[in-house]
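Peer 1: Need coordinates for the below:
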Amino acid sequence: MDKHQELSSLEIRHLLLDTLAYEGDDIDKGKRNFKLCGYRGSQNDLFRLSEGLALNRGLICRNIEPSDAAWGAHGLLLHSGHTTNFSDREITYIYEQFHLLLVQGIIAPGAIGNYGPNLPYFHVTEYGIKCLSTRDVLPYDVDGYLDKIRNILGVDEWLLFYVHEALRCFNANCLEASVIMLGLASEVIINKQISALTSYLGIYAPEKKEEMVNELEKNMNISNKYSIYIKYFDFIKKSITADTFKSLLPQMDKCAMTSYANFVRITRNQLAHPNDTSMERLEVLMIFISFVKYCETQYAFINFFKNN
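Peer 2: Reported below is the predicted structural model:
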């Protein structure tokens, strides 16, 4: 029997959400999905389609043929290796995450029509449908993740290259290599930030641009260069009155931004040299999730400085 890298609880959560949002017809033998069925169904429908999606994405191995059932039917209980390709631990996570989705109001017991008022029948709430449209994309969805990055205005081709390599490494379970690639991607962003800010200073504060350039020439280390960027960013932001710029500031928690940039840099440096450092899959997964928002925020500032 083939074995796969077991999915974490967080990955199972995203798999359930992705299944609820999925609009294709290739994860169910009856070519159904939750949207077609009015976002209503049974627990068995969700678990069955989640397995179909996991198989499609290569997240789990196909050791048995997945079970089938009529939409809304109770179906078979999940037994690893007998009725499902999920492992025992993954089945436990599925049950846990299903009930967490209930607690969080993303789904609710009961469904109108030929279902019933209680579990195992459920429906996606109005709040849940909003959540489905704004959920994070995980790195096992390579195309979806790259599309998120590619849709950021002004994104650099080198950034896309390093992110693509990071995704390939992650999905090959080369976790340390994936973080090294994300570290290189973050350095691309830092250099873009510095270039955009120095150009902006050249127009509005030429003397400060000269100071910044002189400091950068004496500090080639990327973390030192980033600290210089933050220093002059803090200087210039006080004089910018544009509403578009002010609207961006709440998105930037300087402490969190600095911590993230330094974390990726330090981790990359540690992993790039022989030592005892190793990364847990969940730890790397959280870096990938936060990286998209980090890119969106930093490129918003880069674009402001370049266009003004």
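Peer 1: which residue ranges form the strands in the stretch 51-200 of the chain?
Peer 2: Assigned by DSSP state E, counting those that start in this stretch, the strands in the stretch 51-200 of the chain fall at 107-109, 121-124.
Peer 1: Now render those strands as CSV, adding mean pLDDT.
Peer 2: Converted to CSV, these look like this (pLDDT from 0 to 100):
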stretch, mean pLDDT
strand 107-109, 95
strand 121-124, 96
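Peer 1: residues contacting residue 204?
Peer 2: Residues near residue 204 by CB atoms under 8 Å, 6 or more residues apart in numbering: 236, 239. Every C-beta, even on glycine, is put in place using the N, C-alpha and C of the backbone.
Peer 1: Report pLDDT for it.
Peer 2: Residue 204 is assigned a predicted lDDT (pLDDT) of 88.
Peer 1: Out of the strands of the stretch 51-200 of the chain, flag the one nearest residue 306.
Peer 2: strand 121-124 (40.9 Å; CB to CB).
Peer 1: who does the closest one pair up with?
Peer 2: strand 40-42 (antiparallel), strand 107-109 (antiparallel) (DSSP bridges).
Peer 1: Can you check which helix is longest in this structure?
Peer 2: Counting residues, the longest helix found in the chain (DSSP state H) is helix 175-204.
Peer 1: Need the contact partners of the helix or strand following that helix.
Peer 2: The C-terminal neighbour of helix 175-204 among helices and strands, as given by DSSP states H and E, is helix 206-218. If you take CB under 8 Å, 6+ apart as the criterion, helix 206-218 is touched by 194, 197, 198, 201, 202, 225, 228, 232, 235, 236.
Peer 1: 10 Å - rerun?
Peer 2: 194, 197-203, 205, 224-225, 227-229, 231-232, 235-236 (CB atoms under 10 Å, 6 or more residues apart in numbering).
Peer 1: Just the buried residues from those, in ChimeraX please.
Peer 2: One line in ChimeraX is enough to select the buried members of these, burial here meaning 16 or more other CB atoms under 10 Å:
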select :194,197,198,200,201,205,225,228,229,232,236
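Peer 1: which regions of the stretch 1-150 of the chain sit below the pLDDT cut-off?
Peer 2: Applying pLDDT under 70 to the stretch 1-150 of the chain picks out residues 1-2.
Peer 1: the helices in it, which residues?
Peer 2: 9-21, 43-56, 88-103, 126-133, 142-150 (DSSP state H, counting those that start in this stretch).
Peer 1: Packing partners of the shortest one?
Peer 2: Contacts defined by 3 or more CB pairs under 10 Å, 6 or more residues apart in numbering; DSSP states H and E place helix 126-133 against helix 9-21, strand 107-109, strand 121-124.
Peer 1: got the angle between that helix and helix 88-103?
Peer 2: Counting by axes from the mean of the first three to the mean of the last three CA atoms, to 10 degrees, helix 126-133 lies at 130 degrees to helix 88-103.
Peer 1: That concludes my questions; thank you for your assistance.
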